[in-house]
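Sequence first, predicted model second:
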Amino acid sequence: MKSILVKTTDSIYPVYVGDNAIKELSPLLLELNPSKVLIVTDNNVDERYGSDLVKIVSKQFPTCKFVVKNGESSKSFELFYELQSFALKQGLDRKSVILAFGGGVVGDLTGFVAATFMRGVPYIQIPTTLLAHDSAVGGKVAINHPEGKNMIGAFYQPKAVVYDSKFLNSLPDEELRSGFAEVIKHSLIRSEPFYHFLYNDVSDLRDLSSEKLETMILEGIKIKADVVSHDERELGLREILNFGHTLGHAIEAEAGYGRMSHGDCVAIGMLFAIWLSNKFQVNKLPYEEIKIWFEKIGFPTSIPAEQSTEELVNKMTKDKKTKSNQIKMILLQEIGVTTSDTFTKDELHSLLEEWRGLERGEKI
Ligand SMILES: NC(=O)c1ccc[n+]([C@@H]2O[C@H](COP(=O)([O-])OP(=O)(O)OC[C@H]3O[C@@H](n4cnc5c(N)ncnc54)[C@H](O)[C@@H]3O)[C@@H](O)[C@H]2O)c1
Ligand SMILES: O=C(O)C(=O)C[C@@H](O)[C@H](O)[C@H](O)COP(=O)(O)O
Ligand SMILES: [Zn+2]
């Protein structure tokens, strides 16, 4: 088992990664000595692993559990309110600890509940998806609004992240693919060698050794932890973690939350950002090579035909990086090195139309 430290201005916490990392949970809880523990999970994770976790925790402390419906629709005001009400009814207090046991949806929702319940109680992330190598680290917690992804949230760091790789054994292929998009993102923004490792060694996610999977997770977390340690609140550097998300989030929201996976949308967003980088940067990136690789993996590589460019650009205008109506796109100078550029709504509209036209094979 490996551990990585995340250091922010006022917190420092470990991320434990590997087979049987879950054994780190009991000592962590002993140290926190909670009055009560609330486990939040979703129905898929609960069915498989819920009772095991309750057994571990309830041996030590009074325990209760709240199960949300799986999927993006649970990152909602309604579930936020239900969870807060449940916590109050169960008598949680400021000495209580909340465990987020699941993928990014459970992690983001639970983290936001922890950030706001009685103005903040400690929580621990226990991720169960590949994507959550990203979402469980760094303290961005949020729920969605129909107008945009993660619009209501906070920066609130967990006390620890316990990432036991055995949970990944039951992850469906499309969820592995979704998480892989964020792994690729981490490589593209920060490490050319990591990108080459992924490009050369991973073309079929169903045929992935546990060693390769662990390398991907560890390298991704190291990159994320390093960026977050330098800029917890996204005053500058942290924006690079949003590579592929300005368009990706717009597609996700336009499709209807949960209809397309976060990773699939980010993959389309990264391709657009790479195409845009080639248009505006001196160094040329291997756009076609990356697109063919993405197709092999099974990612969608273009925007769904039914989505209107107008609506997507409206959503992109509400992106959290937008300031004074200037939409900010994270771009690549070269693989492993980022830059950024801003665009007006009209500029982005015509660029998106151009890219969509080219993808349809139209001569422009
Ligand atoms: N906070 C951040 O920094 C950050 C980073 C990246 C993504 N996100 C957010 O994360 C969310 C996506 O997370 P996700 O992809 O983990 O989705 P998710 O939590 O919806 O999990 C995906 C699916 O896999 C199921 N599942 C989870 N673990 C399983 C397991 N071990 N075995 C079988 N099934 C399992 C879930 O029930 C769900 O149906 C999005 O809302 C995205 O915005 C947040
Ligand atoms: O941690 C970050 O910072 C990220 O941007 C990571 C992203 O993968 C993640 O999807 C995040 O939730 C997006 O944040 P948002 O601020 O654009 O909502
Ligand atoms: Zn993301």
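That came through fine. Ligands and ions are numbered 1, 2, ... in the order given.

Could you report the neighbour count for residue 78?
Residue 78 has 10 neighbouring residues, counting by other Cβ atoms under 10 Å. Where you see a C-beta, it was placed from the backbone N, CA and C, and this is true even at glycine.

Please apply the same query to residue 124.
For residue 124, the tally of surrounding residues (other Cβ under 10 Å) stands at 24.

quick one: strands adjacent to the helix or strand hosting it?
Element membership for residue 124 (DSSP states H and E) is strand 123-127. Taking DSSP bridges as the criterion, strand 123-127 pairs within the sheet with strand 97-102 (parallel), strand 160-164 (parallel).

Return the distance of the first one from the chain's centre.
In other words, strand 97-102. With Cα atoms, centre = their mean, to the nearest Å as the basis, strand 97-102 stands 16 Å off its chain's centre.

residues near the nearest residue to residue 77 once chain neighbours are set aside, how many?
Closest residue to residue 77 apart from its sequence neighbours, by Cβ to Cβ, 6 or more residues apart in numbering: residue 143 at 6.4 Å. For residue 143, the count of nearby residues is 21 (other Cβ under 10 Å).

residues in contact with the closest residue to ligand 2 within the stretch 51-200 of the chain?
Ranked by Cβ to the nearest ligand atom, the top residue of the stretch 51-200 of the chain for proximity to ligand 2 is residue 150, at 3.3 Å. The contact partners of residue 150, taken as Cβ atoms under 8 Å, 6 or more residues apart in numbering, are 75, 108, 140, 142-144, 249, 320.

Sort out for me which of these are in strands.
Members of those lying in strands (criterion: DSSP state E): 140, 142-144.

What's the ChimeraX line that selects buried ones from those?
In ChimeraX, a selection of the buried entries from these looks like this (16 or more other Cβ atoms under 10 Å):
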select :140,142,143,144
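
what's the closest of the ones in strands among the contacts of residue 150 to ligand 1?
Once Cβ to the nearest ligand atom is applied, the member of the ones in strands among the contacts of residue 150 that ends up nearest ligand 1 is residue 140, at 3.9 Å.

quick check: mean pLDDT across stretch 147-158?
Averaging pLDDT along stretch 147-158 gives 96.

Same question for stretch 3-22.
Averaged over stretch 3-22, pLDDT sits at 96.
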